[in-house]
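Chemist: Give me a 3D structure for the following:
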Amino acid sequence: MEITFELGYALDTFYFLMSGALVMWMAAGFTMLEAGLVRAKNTTEILTKNVALYSISCIMFMICGYWIMYGGPDGLHAAVPFLSGILGDGVAAHEDTYAPAADFFFQVVFVATAMSIVSGAVAERMKLWAFLAFAVALTGFIYPMEGSWTWGGSSVFGLYTLGDLGFSDFAGSGIVHMAGAAAALAGVLILGARKGKYSADGKANAIPGANLPLATLGTFILWMGWFGFNGGSVLALASVESANSVAVVFLNTNMAAAGGLVAALILARIMFGKADLTMALNGALAGLVAITAEPSTPTVLQATLFGAAGGILVVFSIVGLDKLKIDDPVGAISVHGTVGLLGLLLVPITNDGSSFSGQIIGALTIFVWVFVTSLVVWLALKAVMGIRVSEEEEYEGVDISECGLEAYADFTTKS
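Modeler: I've put the predicted structure just below:
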């Protein structure tokens, strides 16, 4: 019996860690996607933002984020024992089926994912250090607070518990993706649009990305990483039941992405007369976001249709935000926010443990908290240090003004 327990413990821990490694690799996906969709003169800064935000997320979650999200020093002491002198004595071990440190690692890469969503939405006109300062606030406090109300199981300011209301979010359509989009939306509204994005008559002008092969590679990396994102959220592998669940989650995740891409590609052809690659890429990501809230209970066909719904919605959302003059260079707010909400609302269709009212209340709680607190932080940063580069710096490209070097030094032309 003891050997069986130890084998299961080792297998579940290994699976948890490998899933976390896949999610960490999504940081590379976001980096490549965003680097491909911005102009060449802004590439170095977007690369710097992504490697820095990942590192900041890890440090802030270690210092205070995990403590806030999972209920005090006991949980963090188990994962990071050397912090016990700072946070108090905790329990060194518990009865979970995987190593406590594996839980910390798996959770911290989710925090970085939420922050990565913000990066693309504010690209090409934000000061680097203002962005990194916001990363400290989001990953150290804003995200962990809403995470404590959802995955952490705490009541919302002592008023109600989302789980008791019928809220369910398996891997984070709302908790991670919509939260990141809410923070991004607040930043974009304060920041304003890029110069030249909208003409005097309100028409949106296309600003093509510099490297679509890179954006496509980023999408495939994210697609692969999502198997860890959703599959790892099963939290176990060492039993027949959990192994079957992991297989279903992998399959549904893959089919939702495929459905989202095909649906977005067809809709773009109908609307624009062309096969728009960027819409297709965002369609795949939208399908992934849509299935993330509940990938374990739909049938394969349902998962594909849910992904297709996400792919259709993201096209309309990107066009709609442009009409509202909300400038999002990579479509992050639409992919992760609009479709993140859709993912939450799809859960009760196949999961009778949730309710539409619970999903709506949970979505509102997450959005209002993250949007309002992010708005406060953005406004504070604007007052203290400014958040937007000068018009001249924007024209020349933030690579030079913020980082002092160009990504494509031999090929860059100013535009």
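Chemist: can we go C-alpha only for contacts and neighbour counts from here?
Modeler: Noted.
Chemist: Check the gap between Leu132 and Thr297 for me.
Modeler: 38 Å (CA to CA, to the nearest Å).
Chemist: wait, I meant Gly152
Modeler: 22 Å.
Chemist: Also Ala40?
Modeler: 43 Å.
Chemist: So between those two, which is more surrounded?
Modeler: Ala40 (24 against 17; other CA atoms under 10 Å).
Chemist: okay but the more buried one is in contact with Ala210, surely?
Modeler: Yes. The pair Ala40 / Ala210 is scored as a contact, 5.2 Å apart, by CA atoms under 8 Å.
Chemist: for Gly153, helix, strand, or coil?
Modeler: The three-state label given to Gly153 by DSSP: H, G, I helix; E, B strand; the rest coil is coil.
Chemist: ok, so what distance separates the residue nearest to Lys203 when sequence neighbours are not counted from Asn244?
Modeler: Nearest residue to Lys203, sequence neighbours excluded (CA to CA, 6 or more residues apart in numbering): Lys323, at 7.5 Å. As defined by CA to CA, Lys323 lies at a distance of 45 Å from Asn244.
Chemist: Repeat that for Val377.
Modeler: Applying CA to CA to Val377 and Asn244 gives a distance of 44 Å.
Chemist: same thing with Leu33?
Modeler: 32 Å.
Chemist: how about Met18, what does it touch?
Modeler: Going by CA atoms under 8 Å, 6 or more residues apart in numbering, Met18 touches Gly228.
Chemist: Please confirm that it is located within a strand.
Modeler: No. According to three-state DSSP, Met18 belongs to no strand; its state is helix.
Chemist: follow-up on the earlier one: between Val377 and Asn244, point out the one with more neighbours.
Modeler: Each of Val377 and Asn244 has its neighbours counted (other CA under 10 Å); Val377 has more, 20 against 12.
Chemist: The more buried one in helix, strand or coil?
Modeler: Val377 ends up helix, using three-state DSSP.
Chemist: Next, the buried residues of stretch 377-395.
Modeler: Val377, Trp378, Leu379, Leu381, Gly386, Ile387, Arg388, Val389, Glu393, Glu394, Tyr395 (16 or more other CA atoms under 10 Å).
Chemist: same check, this time on stretch 236-254
Modeler: Per 16+ other CA under 10 Å, stretch 236-254 contains these buried residues: Ala236, Leu237, Ala238, Ser245, Val246, Val248, Val249, Phe250, Leu251, Asn252, Thr253, Asn254.
Chemist: Equivalent analysis for stretch 176-191, please.
Modeler: 176-188, 191.
Chemist: on that earlier part again, can I get the buried residues of stretch 377-395 in JSON lines with pLDDT?
Modeler: What follows is the buried residues of stretch 377-395, written out as JSON lines (pLDDT from 0 to 100):
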{"residue": "Val377", "pLDDT": "98"}
{"residue": "Trp378", "pLDDT": "98"}
{"residue": "Leu379", "pLDDT": "98"}
{"residue": "Leu381", "pLDDT": "98"}
{"residue": "Gly386", "pLDDT": "98"}
{"residue": "Ile387", "pLDDT": "98"}
{"residue": "Arg388", "pLDDT": "98"}
{"residue": "Val389", "pLDDT": "97"}
{"residue": "Glu393", "pLDDT": "96"}
{"residue": "Glu394", "pLDDT": "96"}
{"residue": "Tyr395", "pLDDT": "95"}
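Chemist: returning to that earlier point: the residue nearest to Lys203: what's it in contact with?
Modeler: Gly202, Lys203, Ala204.
Chemist: I appreciate the help and will end here.
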